[in-house]
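Colleague: Okay, sequence plus prediction incoming.
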Amino acid sequence: MTGIEEAEAQLSEIELLTSMFPSQNEFNIRDQLALAELREYVEGRTDYLPSSRPEFVIHQKMDTEDLKGLYVSLFKVTVAISCTYVVDYPNVLPDISVRCPELSRAQQARLHADMNAHLKENCCGEVCMLSAVEWIKDNAHLYITKNPAAQGLQRVSTETPPVEVFTRLWIYSHHIYNKVKRKNILEWSSDLGLSGFCMPGKPGIVCVEGPQASCEEFWARVKVLTWKRIMIRHREDIPLHSQSGGEGNVTSLRRFSGFEEAMFDPHGNRGNHMDLGQLYQYLNERGCGEVFQLYFGIEGR
């Protein structure tokens with residue numbers, strides 16, 4: 001980050017994309033902490049330059065013609081457009097990558113080269129992600145050709161079944177005191193079949209793990225409550241292989257046997273601070289010790 005103007009442009013673009021793609025299935029910010037640091041810098045609440053670079057992904061379903069002309073109907077493809085801001089953006093292009101199962105590596109390389117050439121010519125010094133999305137919508141079909149095997153599959157189905165994903169969300173809150181919120185967290189995790197824990201106090205920490213859709217539903221419910229500050233500090237997504245048995249995979253990947261509210265020797269005038277050494281031991285016993293440093297910036301012991 002070289003200046004406040006770049007930071008303001010980046011934050012404005014993220015807010016615009018959030019309003020245009022309100023669903024997490026369409027627009028997902030991968031590092032909420034990076035966004036929080038960017039916002040604090042733009043709003044003048046800190047003089048420190050953001051230490052992380054915002055990353056996000058935009059998912060779009062697009063109709064693509066069969067280029068060999070064997071079928072009249074269109075088939076749908078799902079395109080994932082990933083973006084990582086660089087320090088000088090929008091003075092230089094961000095790192096943009098396009099992923100699609102129907103794209104070969106050679107097709108993907110050509111698409112990237114042509115997209116970047118278009119953006120350099122038309123978006124120099126300006127934010128460019130909407131232009132990138134529109135260009136991909138207009139041109140992706142030119143790079144996607146179906147092979148004979150894929151053509152055969154199209155007679156049965158026009159869409160590839162979604163890959164099941166196991167997700168673990170590590171949520172950070174400035175504090176968790178309110179009894180109603182704590183009750184909601186316990187009830188919602190149970191309703192959605194999620195395991196993990198909630199550490200109330202200041203700061204507040206929540207971990208939920210289970211099927212991706214259930215974790216995202218939990219986050220959608222929690223984030224709309226009134227908080228001073230709440231964010232996904234870290235996210236783990238692990239694809240499940242159906243041939244191994246999805247439910248068995250979920251069970252084997254869980255680090256927590258159920259969901260609980262965990263207290264670690266509360267102290268302080270209001271009894272709202274926890275013993276972080278005990279928290280580290282709790283995490284370490286469950287194979288999650290490395291997360292402690294992500295939350296607090298120091299190695300646990």
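Modeller: All right, it came through fine.
Colleague: so who does the residue nearest to residue 80 when sequence neighbours are not counted touch?
Modeller: The shortest distance from residue 80 to any non-neighbouring residue, by C-beta to C-beta, 6 or more residues apart in numbering, is to residue 99 (4.4 Å). All C-beta atoms are positioned from the backbone trio N, CA, C, and that covers glycine. Going by C-beta atoms under 8 Å, 6 or more residues apart in numbering, residue 99 touches 79-80, 82, 108.
Colleague: Tabulate those residues (CSV), appending pLDDT and distance to residue 253.
Modeller: Formatted as CSV, those follow (pLDDT from 0 to 100; distance: C-beta to C-beta, whole Å):
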residue, pLDDT, distance to residue 253
79, 91, 28
80, 92, 23
82, 93, 24
108, 87, 30
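Colleague: now these as TSV including distance to residue 201?
Modeller: Shown next, in TSV, are those (distance: C-beta to C-beta, whole Å):
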residue	distance to residue 201
79	43
80	38
82	36
108	47
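Colleague: And the residue nearest to residue 80, its phi and psi?
Modeller: Note on residue 99: backbone dihedrals following degrees, to the nearest 10 are phi -120, psi 140.
Colleague: Look up how far residue 120 lies from it.
Modeller: 21 Å (C-beta to C-beta, to the nearest Å).
Colleague: Check residue 135 too.
Modeller: With C-beta to C-beta as the criterion, residue 135 and residue 120 are 12 Å apart.
Colleague: neighbour count winner among those two?
Modeller: residue 135 (18 against 12; other C-beta atoms under 10 Å).
Colleague: give me every residue that touches that one.
Modeller: Neighbouring residues of residue 135 by C-beta under 8 Å, 6+ apart: 115, 118-119.
Colleague: and if we set it to 7 Å?
Modeller: Residue 135 makes contacts with 115, 118, as judged by C-beta atoms under 7 Å, 6 or more residues apart in numbering.
Colleague: Check what pLDDT it gets.
Modeller: Confidence at residue 135, expressed as pLDDT, is 94.
Colleague: May I have the residues that are in contact with the closest residue to residue 261 other than its chain neighbours?
Modeller: Excluding the flanking residues, the one nearest residue 261 by C-beta to C-beta, 6+ apart is residue 198, at 5.0 Å. By C-beta under 7 Å, 6+ apart, the residues touching residue 198 are 176, 182, 185, 206, 261-262.
Colleague: How many residues are close by the residue lying closest to residue 227 once chain neighbours are set aside?
Modeller: Nearest non-adjacent residue to residue 227, counting by C-beta to C-beta, 6+ apart: residue 173, 5.9 Å away. As a burial measure, residue 173 scores 24 neighbours (other C-beta under 10 Å).
Colleague: if I read this right, residue 173 contacts residue 204, doesn't it?
Modeller: Yes - taking contacts as C-beta atoms under 7 Å, residue 173 lies within contact range of residue 204: 3.8 Å.
Colleague: Buried residues in stretch 121-130, which are they?
Modeller: Neighbour-count burial for stretch 121-130 flags 123, 127-129 (criterion: 16 or more other C-beta atoms under 10 Å).
Colleague: so how far is it from its chain's centroid?
Modeller: Mean-position distance between stretch 121-130 and its chain equals 24 Å (C-alpha atoms, centre = their mean, to the nearest Å).
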